[in-house]
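>>> no sequence on this one, just coordinates:
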């Protein structure tokens, strides 16, 4: 049996909750099997945010090593989603920082090497 207010486990004959003090229903009332509490919803958001944070770290690493612009944008999106889901770990911040650095470096490389590659192709043709 669980408390109808906070979801704390109770003994079958409890009249009050030991955690929040809420008066419980009579013994004939059916017990609540899976209480929906704010803590459970927050925990689910943290688990979802943790996945997005890990994806942001992967995208940040890829933006620094392979292709800065595309993976950098994806990493920023994943890190922002992790923060919005309530994940408070440092992985989302690390992914965000790496993705921003990779994005900036990717733009710099495109801006400096793009014209060079165009002029090189004209010389060779």
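Nice, thanks for sending it over. Model, not experiment: these values are computed from the prediction.
>>> what ranges do the helices span in the protein?
38-65, 68-84, 90-124 (DSSP state H).
>>> ok, which of the ones you listed comes nearest residue 22?
Comparison of the helices of the chain against residue 22 by C-beta to C-beta identifies helix 38-65 as nearest, at 14.5 Å. Every C-beta, even on glycine, is put in place using the N, C-alpha and C of the backbone.
>>> highest mean neighbour count out of the helices of the chain?
helix 68-84 (a mean of 21; mean count of other C-beta atoms under 10 Å).
>>> list the contacts of that one.
49-53, 55-60, 62-63, 91-93, 95-96, 98-107, 109-110 (C-beta atoms under 8 Å, 6 or more residues apart in numbering).
>>> hmm, 6 Å instead?
Applying C-beta atoms under 6 Å, 6 or more residues apart in numbering, the external contacts of helix 68-84 come out as 49, 52-53, 55-56, 59-60, 62-63, 92, 95-96, 99, 102-103, 105-106.
>>> mind checking pLDDT for residue 103?
On pLDDT, residue 103 comes in at 91.
>>> contact partners for it?
Residue 103 makes contact with 68, 72, according to C-beta under 6 Å, 6+ apart.
>>> my read: residue 6 touches residue 19, true?
Yes - Residue 6 lies in contact with residue 19 (C-beta atoms under 6 Å); the separation is 5.4 Å.
>>> got any ranges where this protein has weak pLDDT?
Low-confidence segments of the chain (pLDDT under 70): 1, 26-47, 88, 117-122, 125.
>>> pop the domain breakdown of it in here.
Listed by automatic domain parsing, the domain ranges of the chain are 1-35, 38-124.
>>> check the gap between the closest residue to residue 109 other than its chain neighbours and residue 21 for me.
In space, and not counting its chain neighbours, residue 109 is closest to residue 68: 6.8 Å by C-beta to C-beta, 6 or more residues apart in numbering. Relative to residue 21, residue 68 is positioned 56 Å away (C-beta to C-beta, to the nearest Å).
>>> can I get the helices of the chain in CSV including distance to residue 10?
Listed next are the helices of the chain as CSV, based on distance: least, C-beta to C-beta, whole Å:
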stretch, distance to residue 10
helix 38-65, 16
helix 68-84, 35
helix 90-124, 37
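>>> sounds good, over and out.
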